[in-house]
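J.: Model the following, please.
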Amino acid sequence: MVVLSRRIPSANWKPVGVDALEANALKVVRAIDNYSVIAGPGAGKTELLAQRAAYLLQTGAAPAPSRILAISFKRDAATNLANRVRQRCHRNQADRFDSMTFDAFAKGLIDRFGQALPKIWRPRPDYEIMFPGDRQFSDFLSRQIGSPPASVGTSADIQAISVNTFERHHLVGSPLPLDGWLHPTPAQWAADRFWQMSLHQGKKSVLSFPMIGRLAELLLRVNPMATTALRLTYSHLFMDEFQDTTQIQYDLVHTIFLGTNTVITAVGDNKQQIMRWAMAMDDPFTAYDEDFEATRIPLYNNYRSSPELVRIQHILAQALDARSVAPVSKTLGTIDGDSCAIWNFLTPEIEAKKLAAFVVAEMRTHALSPRDFVLLVRQKASEYAAVLKPAFIAAGIPLRNESGMVGSITLQDLLTETASELIIMFLRLAMTNRAGRHWSECLRTLATIRGISVDDEVSQARLTQELDAYALKLKSAHPNSPKSKEASRSIVNDILDFIDRNMLIAIHHAYGQGDWLEKVLDSAAEHLLASSARGPGWSLALDTYEGNHSIPLMTIHKSKGLEYHSVIFVGLDDGAWWSFSNDQIEATAGFFVAFTRAKQRVIFTYCPQRGTRTKIATLYQLLKNSGVKSLTIA
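T.: Now for the predicted structure:
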């Protein structure tokens, strides 16, 4: 799609790349005020934001040199949105669209301005990222913290602090006080001890992303020049998957943009809130609507799921929100038989064999690929994969656990890392005979990284020659896919050297601190080697790297934002949903998220060897109320 860069009068602008938008979506696209958009599954949340970006950039409603900031909860959501904007806008327009995660946004602020923080809150420039859990907090509170001063309390007071709530309520529960806690409670004293040890003890500071978020908010409170610069830079702010916003992230946005001219659009679905375990706010929409005087507006259409699945989804949605309005399916049903069913199996082995046979038959009947299916599990994906994988391989379909680790990164996260995407992009260019699409992507990306304007014809011509020469050189140097980790890492290093690591780091700040870039590159090399195991051919190796011919297996949380023709949820039992009674609302939301990934069919499986289904009887009752059949598969 070629999109001209000339300014379009607002009255003449039309949605780009789609036939039309529903009335409420179009209202938000053209809005000049703050909005909160409640958009259910398949409503086109990403498309809405992409169209809004196109409208603002193409009509001049976001006039140059102002920029648009889009912040999302997940990396893949941020990447997907950026890609859609690039597809709909001329490059010199799309280059003014910054799409990143909340964590990356906060980290970029600390990396650039962190040394302006007060001394007690100032991390060392070469700080490292940590991912503490309950075990580390328990060890800290029981062994590392020491005894509090008498003015604070006793060791018994410290021991009484709940490990489960220490991080959420005390360590990062509220904005940091500029000069520290002056008259701390035992919990505040403990939090301060953790902060000071993390910041100032040892050779390097070590910080979690929630801690970075709190430091970024403090930074902008004490550095009005940085805050003013952000307000002047961004005329518009998009917040995607807003239901997953944490108090830390909300406070950061509040500090920067409250009372400014920046127009904010928050999009999400309160029925898909499954991240409260990761400190998501209970109701961020209400806080946002009140603080920013935003108008709430719903979207009604569902462009993903068939009418029958949408009907069932609405029954599930009402269990989460009795006021939920029935969506309108804009997709035709394409399958015969039940759109949703519960399949009961005697053993996991029978289950695996029957599911593999079912996928093979469906692929043949409906001309589908393995990537049109997904196997979802609640947790412990590797344990399910151990039983399922042999059956799928025997049926001729590789099964891949995308929640599994490659080095220190999950496979799914690796595939959305910018460095990993660049490596595959340049390998596709060099190793594909007809690489027109890959050539265009590489040229555009390389020009962006090196800061070459689309209007600089001389530099563009020089870059074109350089890219052509490098593609030939790369193919000549590595005619076959790697057979050793050393060879794989050599290819990865070769591509990164050509791109220019320092320039890559300059525009992707997350790679500039600690050893994160090194971890990504090492994982990419490891995965590239594993993907080359079936032979020396590059086409197969690159397809395997991206999983083009394998059926994915992942957890519900990893499936958020994705969609598939058919969803097979393996293990609807008490064992997988052991925490259901602790938070039925979030667990039901997870169930809803799993169901709504499907376009045409959903299958739930149950096997008594894995556990009973007494504790989650509520979920089975919801399916029964929806008319879903339960079948025994022998």
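J.: could you pull out the strands for the stretch 501-634 of the chain?
T.: For the stretch 501-634 of the chain, the strands defined by DSSP state E, counting those that start in this stretch cover 551-555, 564-570, 598-606, 629-632.
J.: Please convert the ones you listed to a markdown table, extending it with distance to Gly146 and mean neighbour count.
T.: No exception for glycine: its C-beta is placed from N, CA and C like everyone else's. Rendered in a markdown table, the data for the strands of the stretch 501-634 of the chain read as follows (distance: least, C-beta to C-beta, whole Å; neighbours: other C-beta atoms under 10 Å):
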| stretch | distance to Gly146 | mean neighbour count |
| --- | --- | --- |
| strand 551-555 | 38 | 23 |
| strand 564-570 | 47 | 23 |
| strand 598-606 | 51 | 24 |
| strand 629-632 | 57 | 11 |
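J.: For these, could you give me JSON lines that also reports distance to Ser205 and mean pLDDT?
T.: What follows is the strands of the stretch 501-634 of the chain, written out as JSON lines (distance: least, C-beta to C-beta, whole Å; pLDDT from 0 to 100):
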{"stretch": "strand 551-555", "distance to Ser205": "31", "mean pLDDT": "95"}
{"stretch": "strand 564-570", "distance to Ser205": "42", "mean pLDDT": "97"}
{"stretch": "strand 598-606", "distance to Ser205": "45", "mean pLDDT": "97"}
{"stretch": "strand 629-632", "distance to Ser205": "55", "mean pLDDT": "94"}
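J.: Relative to Ala361, which of those strands is closest?
T.: Closest to Ala361 of the strands of the stretch 501-634 of the chain is strand 564-570 (C-beta to C-beta; 11.4 Å).
J.: got any ranges where this structure has weak pLDDT?
T.: Along the chain, segments meeting pLDDT under 70 span 1-5, 274, 276-278, 509, 513.
J.: Next up, the contacts around the spatially most central residue of it.
T.: Nearest to the centroid of the C-alpha atoms of the chain, with distances taken as C-alpha atoms, centre = their mean, sits Lys74, at 2.1 Å. For Lys74, the contact set (C-beta atoms under 8 Å, 6 or more residues apart in numbering) comprises Thr101, Glu241, Lys560, Gly561.
J.: From these, keep the buried residues only.
T.: Applying 16 or more other C-beta atoms under 10 Å to the contacts of Lys74, the neighbour count classes Thr101, Glu241, Lys560, Gly561 as buried.
J.: show me what contacts the last one?
T.: In this case it means Gly561. Gly561 sits next to Thr46, Lys74, Asp76, Ala77, Asn80, Glu241 when contact means C-beta under 8 Å, 6+ apart.
J.: how does it look with 6 Å?
T.: If you count contacts by C-beta atoms under 6 Å, 6 or more residues apart in numbering, Gly561 has them with Ala77.
J.: how about it, phi and psi?
T.: phi 90, psi 0 (degrees, to the nearest 10).
J.: Also Ile129?
T.: Residue torsions, per degrees, to the nearest 10, at Ile129 are phi -90, psi 140.
J.: Any figure for the gap between the spatially closest residue to Ser581 that is not a sequence neighbour and Arg135?
T.: When the adjacent residues along the chain are set aside, Ser581 lies closest to Lys615, with 6.0 Å between them (C-beta to C-beta, 6 or more residues apart in numbering). Taking C-beta to C-beta, to the nearest Å as the criterion, Lys615 is separated from Arg135 by 26 Å.
J.: Can you tell me how far the residue sitting furthest away from the middle of the chain is from Arg86?
T.: Computed with C-alpha atoms, centre = their mean, the maximum C-alpha offset from the centroid of the chain is found at Ala150, amounting to 45.6 Å. Going from Ala150 to Arg86 by C-beta to C-beta gives 61 Å.
J.: try Gly60
T.: Applying C-beta to C-beta to Gly60 and Arg86 gives a distance of 19 Å.
J.: between these two, which one's more packed in?
T.: Neighbours of Gly60 and Arg86, each counted by other C-beta atoms under 10 Å, are more numerous for Arg86; the result is 22 against 13.
J.: Next up, identify which helix or strand that one is on.
T.: For Arg86, the element it lies in under DSSP states H and E is helix 75-88.
J.: Kindly export that helix (C-alpha atoms) in CSV.
T.: Included here for helix 75-88 are C-alpha records, laid out as CSV according to Å, rounded to 0.1, in the frame of the first residue of the first chain:
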residue,chain,number,x,y,z
ARG,A,75,6.1,-5.6,23.6
ASP,A,76,4.3,-7.5,20.8
ALA,A,77,1.3,-5.1,21.1
ALA,A,78,3.6,-2.1,20.8
THR,A,79,5.3,-3.7,17.8
ASN,A,80,2.1,-4.6,16.1
LEU,A,81,0.7,-1.1,16.5
ALA,A,82,3.9,0.5,15.1
ASN,A,83,3.8,-1.9,12.1
ARG,A,84,0.2,-1.0,11.3
VAL,A,85,0.9,2.7,11.4
ARG,A,86,3.8,2.3,9.1
GLN,A,87,1.5,0.4,6.7
ARG,A,88,-1.0,3.2,6.7
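J.: Restrict the following helix or strand past that helix to CA atoms and write it as PDB.
T.: Once helix 75-88 ends, the next helix or strand along the chain (criterion: DSSP H and E) is helix 91-94. In PDB, the C-alpha atoms belonging to helix 91-94 read as follows (Å, rounded to 0.1, in the frame of the first residue of the first chain):
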ATOM      1  CA  ARG A  91       7.400   7.100   6.300                       C
ATOM      2  CA  ASN A  92       8.000  10.700   7.200                       C
ATOM      3  CA  GLN A  93       4.700  10.700   9.000                       C
ATOM      4  CA  ALA A  94       5.100   7.300  10.600                       C
END
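J.: which secondary structure elements does the helix or strand that helix 91-94 is followed by contact?
T.: Next in sequence after helix 91-94, counting helices and strands by DSSP H and E, comes strand 97-101. Helices and strands in packing contact with strand 97-101 are listed as strand 67-72, helix 75-88; criterion 3 or more C-beta pairs under 6 Å, 6 or more residues apart in numbering; DSSP states H and E.
J.: So which other helices or strands are in contact with the last one?
T.: To tie it back to what came earlier, the one meant is helix 75-88. Against helix 75-88 (3+ C-beta pairs under 6 Å, 6+ apart) you get helix 45-59, strand 97-101, helix 411-416.
J.: And that helix, what's buried?
T.: Result for helix 75-88 [16+ other C-beta under 10 Å]: buried residues Arg75, Asp76, Ala77, Ala78, Thr79, Asn80, Leu81, Ala82, Arg84, Val85, Arg86, Arg88.
J.: any chance of those residues in a markdown table, plus distance to Gly202?
T.: Rendered in a markdown table, the data for the buried residues of helix 75-88 read as follows (distance: C-beta to C-beta, whole Å):
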| residue | distance to Gly202 |
| --- | --- |
| Arg75 | 28 |
| Asp76 | 33 |
| Ala77 | 34 |
| Ala78 | 32 |
| Thr79 | 34 |
| Asn80 | 38 |
| Leu81 | 38 |
| Ala82 | 36 |
| Arg84 | 43 |
| Val85 | 41 |
| Arg86 | 42 |
| Arg88 | 47 |
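J.: Cheers, nothing more for now.
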